[in-house]
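S.K.: next comes the sequence, and after it the predicted model I'd like to discuss.
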Amino acid sequence: MSISVKHLTKIYGTQHAVNDVSFHINKGEIVGFLGPNGAGKSTTMKMITGSINPNSGSIDVSELPVSETNVYTKKKIGYLPEGNPLYPEMYVKEYLGFIADVHKIKNKNSKISELINLVGLSPESHKKISQLSKGYKQRVGLAAALIHDPEVLILDEPTSGLDPNQIIEIREVIKKLGEHKTILFSSHIMQEVESICDRVIIINKGNIIADDTLSNLKKGNSHSHFVSIQFKESINSTLLDSIKDCKNITALSDNSFLIETAQPEKVRKQLFELSLQENLNIVSLNSEKQNLEDVFKSLTT
């Protein structure tokens, strides 16, 4: 029930969409797969599921090699692709029954009922897929990915289109599934990744640039804090040049600035002194440690 990726490369024309990517995910791990748009996330996921073949490298799922023609590994994988292609003219239960027949599921009616309850589809289960909101269509796609009880789940933006309450519900479903399945999922919602995952893989321009636990990723930049300040007046940013212990100062507007520092208290004190010297009014002054979003920005920009 593991995923093992070794030296994976996919080339389109002259572009290396995925470049010599390697990682291993163990049973029971829920791993967040992050990266900017076009970084290679979806391409990597498609190769893991056997939807497309790599130019080079190898993939094993549950210790079996993955390829477009290897149906045995595909039986072990549940896949919710980006875009979630469905048959809009079919009813929800009809579609899930069709997917169950593809997988030759026994007792399919009880399995379908179980999954409808699990992913929260009960209120809409009598409708055609075309009548569903995007959020409920995502739930249909998730139910279809789970219909054959796969050992490994590959979820590409599973909460896309969901409202905040639905995101929380699906988040809890993923956590529960992670107790006995191996899950790799991508998301652009950093708070979601932080709440579900202990480990994160970040890819950028086809290359893995980080693969570690959340705590270690943050610890790697543990000396980075941020102080944000907003003045009532518009000021010249050169006034802040006198502030010591700064790694970086970013102007958010004419009167708002974000300061990266290892000494937040010293910086706050200097800002107060500066405001007195220059007769400036401070509207807000806050400091915080960096979160996953800050780590992501620092690694991908």
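M.R.: Nice, thanks for sending it over. Predicted model, so just to flag it, every value in this text is computed and none were measured.
S.K.: quick one, grab the pLDDT at the nearest residue to residue 271 once chain neighbours are set aside.
M.R.: With sequence-adjacent residues excluded and distances taken as CB to CB, 6 or more residues apart in numbering, residue 271 is closest to residue 229, at 5.6 Å. All C-beta spots, glycine's among them, are computed from the backbone N, C-alpha and C. At residue 229 the predicted local confidence, pLDDT, stands at 91.
S.K.: and the residue positioned nearest the centre of the chain, what does it touch?
M.R.: Nearest to the centroid of the C-alpha atoms of the chain, with distances taken as CA atoms, centre = their mean, sits residue 187, at 2.5 Å. Contacts here follow CB atoms under 8 Å, 6 or more residues apart in numbering; on that basis residue 187 touches 32, 34, 157, 158, 159, 193.
S.K.: out of those residues, which sit inside strands?
M.R.: With strands defined by DSSP state E, the entries of these inside them are 32, 34.
S.K.: single out whichever of the contacts of residue 187 has the smallest pLDDT.
M.R.: residue 159 (86).
S.K.: which parts of the chain belong to which domain?
M.R.: The record's domain split for the chain, according to automatic domain parsing, is 3-219, 221-300.
S.K.: what separates the closest residue to residue 50 other than its chain neighbours from residue 51, distance-wise?
M.R.: The spatial neighbour of residue 50 that comes closest, neighbours along the chain excluded (CB to CB, 6+ apart), is residue 66 at 4.9 Å. Here the criterion is CB to CB, to the nearest Å. By it, residue 66 lies 10 Å from residue 51.
S.K.: what does residue 285 give?
M.R.: Noted for residue 285: a distance of 50 Å to residue 51, by CB to CB.
S.K.: now swap in residue 68 and tell me
M.R.: Distance, residue 68 to residue 51, by CB to CB: 7 Å.
S.K.: of the two, who's got more company?
M.R.: Between residue 68 and residue 51, residue 51 has the larger neighbour count (other CB atoms under 10 Å), namely 17 against 12.
S.K.: surely that one meets residue 73?
M.R.: No. Applying CB atoms under 8 Å as the test, residue 51 and residue 73 come out as separate, 11.8 Å apart.
S.K.: gap between the closest residue in space to residue 179 that isn't next to it in sequence and residue 165?
M.R.: Nearest non-adjacent residue to residue 179, counting by CB to CB, 6+ apart: residue 28, 6.8 Å away. Distance of residue 28 to residue 165, given as CB to CB: 27 Å.
S.K.: the more surrounded of those two?
M.R.: It is residue 28, of residue 28 and residue 165, that has more neighbours when counted by other CB under 10 Å, with 13 against 10.
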